[in-house]
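**Student:** what shape does this take:
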Amino acid sequence: MKPYYHAVSSARKFGGVADDYVEIHTWFDESKAHMADLRHRALRHHSQGIFECEQRFGTTIVNSDLRKVPVRSVGEQHVMEDLGRIPSVQDWLGEIRPTEWMLRGYAREEEFMEPIGASSGSEEEKQTR
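**Tutor:** Numbers count the residues shown, from 1 in each chain. I've put the predicted structure just below:
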(Lines give C-alpha, C1' and ligand atoms only; values in the text may rest on other atoms or scores of the structure.)
Protein backbone atom coordinates (compact mmCIF):
# COMPACT_ATOMS: atom_id res chain seq x y z
CA MET A 1 0.00 0.00 0.00
CA LYS A 2 1.31 3.47 -0.80
CA PRO A 3 1.98 5.95 2.04
CA TYR A 4 -0.91 8.18 1.01
CA TYR A 5 -3.44 5.35 1.33
CA HIS A 6 -2.03 4.40 4.74
CA ALA A 7 -2.46 8.08 5.69
CA VAL A 8 -6.09 8.08 4.53
CA SER A 9 -6.64 5.01 6.67
CA SER A 10 -5.02 6.77 9.65
CA ALA A 11 -7.32 9.76 9.21
CA ARG A 12 -10.34 7.45 9.27
CA LYS A 13 -9.04 5.68 12.37
CA PHE A 14 -7.59 8.58 14.40
CA GLY A 15 -9.32 11.66 12.97
CA GLY A 16 -7.85 14.61 11.13
CA VAL A 17 -6.79 14.45 7.49
CA ALA A 18 -4.36 12.29 5.53
CA ASP A 19 -1.74 15.05 5.47
CA ASP A 20 -1.47 14.72 9.27
CA TYR A 21 0.00 11.21 8.86
CA VAL A 22 1.64 10.99 5.45
CA GLU A 23 5.14 11.86 6.73
CA ILE A 24 5.09 8.91 9.14
CA HIS A 25 3.88 6.47 6.50
CA THR A 26 6.41 7.79 3.98
CA TRP A 27 9.19 7.13 6.53
CA PHE A 28 8.16 3.47 6.78
CA ASP A 29 8.37 3.05 3.00
CA GLU A 30 11.52 5.11 2.26
CA SER A 31 13.51 1.90 1.93
CA LYS A 32 11.67 1.28 -1.38
CA ALA A 33 14.23 3.67 -2.88
CA HIS A 34 16.87 0.97 -2.36
CA MET A 35 14.86 -2.25 -2.76
CA ALA A 36 11.74 -1.77 -4.84
CA ASP A 37 9.96 -4.96 -3.82
CA LEU A 38 8.45 -6.29 -0.62
CA ARG A 39 11.87 -7.06 0.87
CA HIS A 40 12.29 -3.36 1.64
CA ARG A 41 9.92 -3.99 4.54
CA ALA A 42 12.60 -5.95 6.41
CA LEU A 43 14.25 -2.63 7.34
CA ARG A 44 11.35 -0.94 9.19
CA HIS A 45 8.23 -3.11 9.14
CA HIS A 46 8.72 -4.73 12.55
CA SER A 47 8.46 -3.94 16.25
CA GLN A 48 11.85 -2.20 16.35
CA GLY A 49 10.90 -0.08 13.33
CA ILE A 50 7.77 1.08 15.14
CA PHE A 51 9.85 2.17 18.15
CA GLU A 52 12.36 3.91 15.83
CA CYS A 53 9.44 5.76 14.24
CA GLU A 54 8.33 6.91 17.68
CA GLN A 55 11.87 8.14 18.44
CA ARG A 56 11.96 10.07 15.17
CA PHE A 57 8.47 11.63 15.28
CA GLY A 58 7.86 11.80 19.02
CA THR A 59 5.46 9.98 21.30
CA THR A 60 2.42 11.74 19.87
CA ILE A 61 1.46 14.04 17.03
CA VAL A 62 -1.40 16.52 17.09
CA ASN A 63 -3.68 16.07 14.10
CA SER A 64 -5.72 18.79 12.41
CA ASP A 65 -8.66 17.99 14.74
CA LEU A 66 -6.28 18.99 17.58
CA ARG A 67 -6.30 15.41 18.90
CA LYS A 68 -3.13 13.85 20.25
CA VAL A 69 -2.43 10.60 18.40
CA PRO A 70 0.19 8.09 19.57
CA VAL A 71 2.85 7.69 16.89
CA ARG A 72 3.30 4.07 17.93
CA SER A 73 -0.36 3.41 17.08
CA VAL A 74 0.12 4.93 13.63
CA GLY A 75 3.20 2.76 13.07
CA GLU A 76 1.39 -0.36 14.25
CA GLN A 77 -1.46 0.43 11.87
CA HIS A 78 0.99 0.74 8.94
CA VAL A 79 2.72 -2.58 9.64
CA MET A 80 -0.56 -4.41 10.31
CA GLU A 81 -2.05 -3.15 7.04
CA ASP A 82 1.00 -4.33 5.10
CA LEU A 83 1.74 -7.61 6.88
CA GLY A 84 -1.32 -8.60 8.92
CA ARG A 85 0.82 -8.81 12.07
CA ILE A 86 3.75 -7.08 13.73
CA PRO A 87 6.84 -9.23 13.30
CA SER A 88 10.05 -8.84 15.27
CA VAL A 89 13.46 -8.12 13.74
CA GLN A 90 14.26 -11.75 14.55
CA ASP A 91 11.33 -12.86 12.38
CA TRP A 92 12.86 -11.04 9.39
CA LEU A 93 16.54 -11.78 9.96
CA GLY A 94 15.85 -15.42 10.82
CA GLU A 95 14.83 -15.89 7.19
CA ILE A 96 18.24 -14.89 5.83
CA ARG A 97 20.13 -17.86 4.46
CA PRO A 98 23.91 -17.42 4.81
CA THR A 99 25.95 -17.25 1.64
CA GLU A 100 29.72 -17.50 1.19
CA TRP A 101 30.41 -13.75 1.40
CA MET A 102 28.42 -13.52 4.66
CA LEU A 103 30.51 -16.27 6.25
CA ARG A 104 33.83 -14.55 5.64
CA GLY A 105 35.76 -14.40 8.90
CA TYR A 106 34.49 -17.70 10.23
CA ALA A 107 37.20 -20.39 10.32
CA ARG A 108 34.66 -23.06 9.48
CA GLU A 109 31.14 -22.79 8.14
CA GLU A 110 30.00 -24.91 11.10
CA GLU A 111 30.87 -22.00 13.40
CA PHE A 112 27.93 -20.15 11.94
CA MET A 113 24.81 -21.18 13.76
CA GLU A 114 21.72 -22.11 11.80
CA PRO A 115 19.44 -19.07 11.34
CA ILE A 116 16.80 -18.66 14.02
CA GLY A 117 13.50 -20.05 12.84
CA ALA A 118 15.12 -22.20 10.17
CA SER A 119 14.09 -25.78 9.87
CA SER A 120 16.48 -28.03 11.75
CA GLY A 121 15.00 -31.37 10.87
CA SER A 122 11.78 -33.17 11.58
CA GLU A 123 10.05 -33.06 14.94
CA GLU A 124 11.06 -36.69 15.37
CA GLU A 125 14.75 -35.83 14.88
CA LYS A 126 14.51 -32.96 17.35
CA GLN A 127 13.05 -35.22 20.03
CA THR A 128 15.94 -37.69 19.74
CA ARG A 129 18.64 -35.04 20.19
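
**Student:** just want the most central residue of this protein.
**Tutor:** For the chain, His45 is the residue whose C-alpha lies nearest the centre (CA atoms, centre = their mean; 1.3 Å).

**Student:** near Arg41, how many other residues are there?
**Tutor:** For Arg41, the number of neighbouring residues by other CB atoms under 10 Å comes to 20. Using the backbone N, CA and C atoms, a C-beta is placed for each residue, glycine as well.

**Student:** on that earlier part again, what helix or strand is the nearest residue to the residue nearest to the centre of the chain once chain neighbours are set aside on?
**Tutor:** Excluding its sequence neighbours, the residue lying closest to His45 (CB to CB, 6 or more residues apart in numbering) is Val79, at 5.0 Å. Following DSSP states H and E, the helix or strand that holds Val79 is helix 71-83.

**Student:** now that helix, how far from the centre of its chain.
**Tutor:** Here the centre of helix 71-83 is set off from its chain's centre by 9 Å, with CA atoms, centre = their mean, to the nearest Å.

**Student:** ok so, going back, how close does the residue nearest to His45 sit to His46?
**Tutor:** The spacing between Val79 and His46, counted by CB to CB, to the nearest Å, is 7 Å.

**Student:** which neighbours do these two have in common?
**Tutor:** In the contact map built from CB atoms under 8 Å, 6 or more residues apart in numbering, the residues linked to both Val79 and His46 are 86-87.

**Student:** tell me the mean pLDDT for the following helix or strand past the helix holding Val79?
**Tutor:** Toward the C-terminus, helix 71-83 is succeeded by helix 89-93 as the next helix or strand (DSSP H and E). Mean per-residue pLDDT for helix 89-93: 95.
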